[in-house]
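Asker: here is my input; please provide its structure:
(one chain, ligands or ions: 1)
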Amino acid sequence: MKKVLITGAAGFLGSHLCDRFIKEGYHVIGMDNLITGDLKNIEHLFKLKNFEFYNHDVSKFVHVPGNLDYILHFASPASPIDYLKIPIQTLKVGSLGTHNLLGLAKEKNARILIASTSEVYGDPLIHPQTEDYYGNVNTIGPRGVYDEAKRFQESITMAYHTYHKLETRIVRIFNTYGPRMRLNDGRVVPAFIGQALRGEDLTVFGDGSQTRSFCYVDDLIEGIYRLLFSDYVYPVNIGNPNEITIGDFAEEIIKLTGTDQKVIYKPLPVNDPLQRQPDISKAKEVLKWEPKIDRSEGMKRTLEYFKSLSEEELYRSEHKDFSSYSEQ
Ligand code: UDP
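Answerer: As a prediction, this is how the structure comes out:
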């Protein structure tokens, strides 16, 4: 049985990857320090013989006994609010964490796929974003800790590929949504749905003219799976090119949930990208991949998930409390 290590296993994307690899018949080792992840997302896997879980911070030396065939590095805070609160951990997991996992991959002769992001393009000056665009990132802005850690992650991954001949893959993930997103992580999909379900007004930041392009999680996982098993070593955008303004998106959520709440406007966060849309020509060509689930279907499924949460979860305090995780 082939063995795969998935970091960030208790998070949104990590948990869906665990499910996929279990379904494909792998032995899955999930790793997470649970700083932003939640064991609830993978609880259903603990009864399986071919699933193991290590509570570990990958910024520290990573040891896994025995052989390992694949590593998928998905550990990282991934919402602007999280990385404002835990900027140093965000930098460490993308840099030191990636270095540790590349070292592990080299030691085990495993293929490694790392999760990069559309944030490497920053507030992009070309549209839509192609993989050969170098980006427009403010290194010292509030998003810099995430963006630069991810840019460093890509560099060190390519360096291991070039100098150590390591088998590496890099996926640039655009905005993704679906079941198991953290309700209060501040990202726009759970923010709007949570507000609608609680009977609160929907908070649009800025004038709502900024755009995003939302990909349903199942489509993203399929793209990542194909990339891992392809022989393409350069970064590949995976996302849904269907672009919408945040203002129009708020109206869609109001319609979908049937809430009679209205939209209220709040200041636009610093360095919030004005536009974002993936050019997925590369993924189409190399992976024969494109998204299949449109936003109306994906949002319906996502709403069902959020509706299934308990009252306690729905009303839990605004954002995750990181105070118990004091180490920087
Ligand atoms: N946003 C918003 N209201 C919210 C949360 C987010 O208008 O309650 C906006 C945010 O300013 C950004 C967009 O929605 O322009 C997407 O934000 P998110 O944090 O989901 O992801 P990212 O900015 O990293 O793409």
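Asker: which of the residues in the helix or strand encompassing Ser296 are buried?
Answerer: Here Ser296 sits within helix 295-307, counting by DSSP states H and E. Under the neighbour-count criterion of 16 or more other Cβ atoms under 10 Å, helix 295-307 has 295, 298-299, 302-303, 306 buried. All C-beta atoms are positioned from the backbone trio N, CA, C, and that covers glycine.
Asker: now do stretch 49-64: distance from first to last residue.
Answerer: By Cα to Cα, to the nearest Å, the extent of stretch 49-64 from end to end equals 17 Å.
Asker: contact partners of it?
Answerer: 1, 5, 7, 9, 18, 22, 26-35, 42, 45-46, 73, 75, 89, 92-93, 96-97, 100-101, 103-104, 108 (Cβ atoms under 8 Å, 6 or more residues apart in numbering).
Asker: in it, which residues are buried?
Answerer: Quick answer for stretch 49-64 (16+ other Cβ under 10 Å): 51-54, 56-59, 62, 64.
Asker: what of stretch 260-268?
Answerer: Here stretch 260-268 shows 261, 263, 268 as buried, counting by 16+ other Cβ under 10 Å.
Asker: I'd guessed the second one sits against Ala250; true?
Answerer: Yes - the criterion here is Cβ atoms under 8 Å, and Val263 meets it with Ala250 at 4.9 Å.
Asker: intersection of neighbour lists for the two?
Answerer: 202, 204, 208.
Asker: ok, which stretches of the protein are helices?
Answerer: 12-23, 80-85, 87-108, 144-164, 188-198, 217-228, 246-257, 281-287, 295-307, 311-315 (DSSP state H).
Asker: next, the angle helix 144-164 makes with the third one.
Answerer: To tie it back to what came earlier, the one meant is helix 87-108. Inter-element angle recorded for helix 87-108 and helix 144-164: 20 degrees (by axes from the mean of the first three to the mean of the last three Cα atoms, to 10 degrees).
Asker: so what pairs up with Asn55 in the strands?
Answerer: Asp32 (DSSP bridges).
Asker: so what's it scoring on pLDDT?
Answerer: The per-residue pLDDT reported for Asn55 equals 98.
Asker: check Tyr83 too.
Answerer: In this model, Tyr83 is scored at 88, pLDDT.
Asker: can you verify my assumption that it contacts Asp147?
Answerer: No - checked against Cβ under 8 Å, the pair Tyr83 and Asp147 is beyond contact range at 9.4 Å.
Asker: wait, what's in contact with Leu48?
Answerer: Leu48 touches Ile22, counting by Cβ under 8 Å, 6+ apart.
Asker: Pro267 too?
Answerer: Contact analysis of Pro267 by Cβ under 8 Å, 6+ apart lists 205-206.
Asker: likewise for Val286?
Answerer: Val286 sits in contact with 230, 232, 236, where contact means Cβ under 8 Å, 6+ apart.
Asker: what pLDDT does the closest residue to the second one other than its chain neighbours get?
Answerer: Beyond its immediate neighbours in the sequence, the residue positioned closest to Tyr232 (Cβ to Cβ, 6 or more residues apart in numbering) is Val286, lying 4.8 Å away. The predicted structure scores Val286 at 98 on the pLDDT scale.
Asker: from Leu228, how far out is Val286?
Answerer: Distance from Val286 to Leu228, counting by Cβ to Cβ, to the nearest Å: 12 Å.
Asker: over to Ser95?
Answerer: Taking Cβ to Cβ, one finds Ser95 at 22 Å from Leu228.
Asker: and for Pro235?
Answerer: Distance, Pro235 to Leu228, using Cβ to Cβ: 14 Å.
Asker: got the contact list for stretch 210-219?
Answerer: So stretch 210-219 is contacted by 12-13, 16, 174-180, 188-189, 238-246, 249, 268, 272-278, 291-293, 295, 297-298, 301-302 (Cβ under 8 Å, 6+ apart).
Asker: is it possible to mark the buried ones in those?
Answerer: The neighbour-count test (16+ other Cβ under 10 Å) marks 12-13, 16, 174-180, 188-189, 238-241, 243-246, 249, 268, 272-273, 275-278, 291, 293, 295, 298, 302 as buried among the contacts of stretch 210-219.
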